[in-house]
Structures are given as C-alpha cells and as structure tokens.
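> structure for this input, please:
(one chain, ligands or ions: 1)
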Amino acid sequence: MHAGLALRAFKLMAAAPLGGCLVEFGVYKGDGLCMMAHLCRQYLGDPQPLYGFDSFAGMPRSDIPLSSGLGVDWAEGTFADTSVEAVQQRLTAKRIQATLVKGVFGSLLPLREYGIETVRFVHIDADIYEGYRDALHLLTPHVQVGTVLLFDESMPPTDHRRQGIREHGKRAVYEWEQTTGFNLHLIRFHETAVLCVLVDESYLERYARTIVPLKRDTVMDIVVDRVQLTLRERERARLRRIRNFLRGIRRVIRRRSTNAP
Ligand SMILES: C[S@@+](CC[C@H](N)C(=O)[O-])C[C@H]1O[C@@H](n2cnc3c(N)ncnc32)[C@H](O)[C@@H]1O
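Numbers count the residues shown, from 1 in each chain. A predicted model of the protein is given here:
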C-alpha cells in the first residue's frame, strides 16, 4: 500500500465523514491492514470495522497474458507463503481487530454475509484482472458517494517493461465504471497506484476545499520521487553495463571457438 496515498485517503475520510467499514482485497501478510489500522487510529479515532479478503493460498491463475516480468511476479501460486492464522496472529499482537476471509474472490458470498453494509474505504491490491473484477463486483452494492478507493494497479506504469499491468487493474476499474455509472474522481496517483473517491456534484461542491490540497505534492513527495527516479536510472545503467560485459565475453568466446583449429 502506498503510504502517501493511504495518508491522503484517511485525511479525506476524516474531513468527509461516512460511516462504514474499511476493506482490503489482497492481504498477503497483512502489511496493508496494519497500515489501515494505524491510520484509522490516527485520523478516525475509534477503531472501525476492518476486513481482509485473500485466497491466503497465493495468486489464482489469470486468463490475461502476464507479459514481461509479470509472468514471474504474478504467476499462479506466488504470495502463497502466508496463512489466515499467521496474519491473524500478527494483527492480534498489534492489537488490531480485523475479520479475515479466506477464498478466491470469485467464489465468495455477497459481502453482506460477512457483516459488511457500507464500505467507507477499500484498498484493492489483487494485481491481476480477475481479482479486481471480482472484488469490484462484490463491492458494488456497498459503495456510495464518499467511499474512498485505493487501487494498487490502475495506472499504466512509466516503466516500459511493465506495460502489461494496464490490462489488469486499469481495465477492470474502467469496465466497472462503465457498467455501474459510478463517477470516480481521481485525487492522485503514484506509479501504478491510484486514489479516488466516488462522487456526485454535491459531494464535490462540499469537499473541494479538502480534495484540492490532497492533489498537490508535498516537499516529501518531490524528494521521494526524485530519489526513486535516480535509483531506477542508476539500476538501469548498472544492468546495461553488466549486459555489455556479458556480450563482450560471449563475442570473445565465439571468436576463439571459430579460430580454434
Ligand atoms: C500483492 S499481494 C497483496 C499485498 C498486500 N496488500 C500488502 O500490503 O502487503 C496480492 C494478494 O492478492 C491475492 N489475490 C489476488 N487475486 C486474488 C483472487 N482472485 N482471490 C483471492 N486472492 C487474490 C493474492 O493471494 C495475494 O496475497
């Protein structure tokens, strides 16, 4: 979960109150839930009902091709080194109360069956298309104007090697907006993660003064962006040097073997 976007989400929720629970689709080891609980205490006061949904058995298969590095990072079975029990233990140790539900999103019951009425905040970090599609489908009856949504993979990345990401979260969110007619107002994005809020005209009229500053860069944002970009450029240059070095060795070996008697 991107910390800067999560912080903005909670600032918005504090300024524009809406009852309901906080939900995460794609929990893995619980980092996102811990951050949500922490921000909740800091910005919303009393603990709010917190839910986490995951297969807790790794990524399901995707029918959308996983191009380039995604084929490794998001392959079926990745993120399987976790369990409901381990996450529950971790949360209990931090005195975080959360309901964890195990299952592939497409086979879950309607969210009402788990005690969910209104969803105030949702973080979707399911990586692949099907996870987003099925999570959004489950959420449809539970979101309303004022629901804040944070999607981890909903913006085409600048990294050319990871362009395939756009076929996943972005596509599912776009289809969801088309079928439901929801008006998702973009607050801010960072790399592939997108923060938005479900709005209508009167919500925007009422909370524009809160939303507009949340769109701006803080000094910290500018510094972090700059550092990340520099590190990425350095890493690319290092990889280029290694690649050229290996090519050189391959050329020498080839030359030697053709010159050999
Ligand atoms: C990148 S990890 C989540 C990381 C987590 N949000 C964090 O902050 O550390 C993606 C998770 O989504 C889960 N997932 C993806 N698609 C799913 C689906 N269709 N049903 C259930 N779980 C799914 C995987 O099991 C995996 O644990």
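> state the pLDDT value of residue 48.
Looking at residue 48, its pLDDT reads 86.
> cool, residue 261 as well?
For residue 261, the pLDDT comes out at 65.
> could you do residue 155 as well?
Reported pLDDT for residue 155: 83.
> who touches it in this structure?
170, 189, 191-194 (CB atoms under 8 Å, 6 or more residues apart in numbering). Placement of C-beta: from N, CA and C, glycine included.
> now swap in residue 87 and tell me
Shown in contact with residue 87 (CB under 8 Å, 6+ apart): 27, 29-30, 33, 52, 56, 100.
> which helix or strand contains residue 186?
Using DSSP states H and E, residue 186 falls within strand 184-190.
> oops, could you answer that again for residue 204 instead?
Using DSSP H and E, residue 204 sits in helix 201-215.
> tell me the mean pLDDT over that helix?
According to the model, helix 201-215 has a mean pLDDT of 93.
> one more: stretch 172-180?
Taken as a whole, stretch 172-180 has an average pLDDT of 96.
> pull out the buried residues from that stretch.
172-173, 176 (16 or more other CB atoms under 10 Å).
> turn these into a markdown table, including distance to residue 166.
Shown next, in a markdown table, are the buried residues of stretch 172-180 (distance: CB to CB, whole Å):
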| residue | distance to residue 166 |
| --- | --- |
| 172 | 11 |
| 173 | 11 |
| 176 | 15 |
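> for those, which one is nearest residue 251?
Comparing the buried residues of stretch 172-180 against residue 251 with CB to CB places residue 172 closest, at 46.0 Å.
> could you look up the SS state of the closest one?
helix (DSSP: H, G, I helix; E, B strand; the rest coil).
> contact partners for it?
129, 132-133, 136.
> of those residues, which is the most crowded?
Scoring the contacts of residue 172 on neighbours with other CB atoms under 10 Å, the highest-scoring entry is residue 132 at 28 neighbours.
> check which helix or strand it maps to.
Short version, using DSSP H and E: residue 132 is in helix 129-139.
> any idea of the mean pLDDT for that helix?
So the average pLDDT for helix 129-139 ends up being 97.
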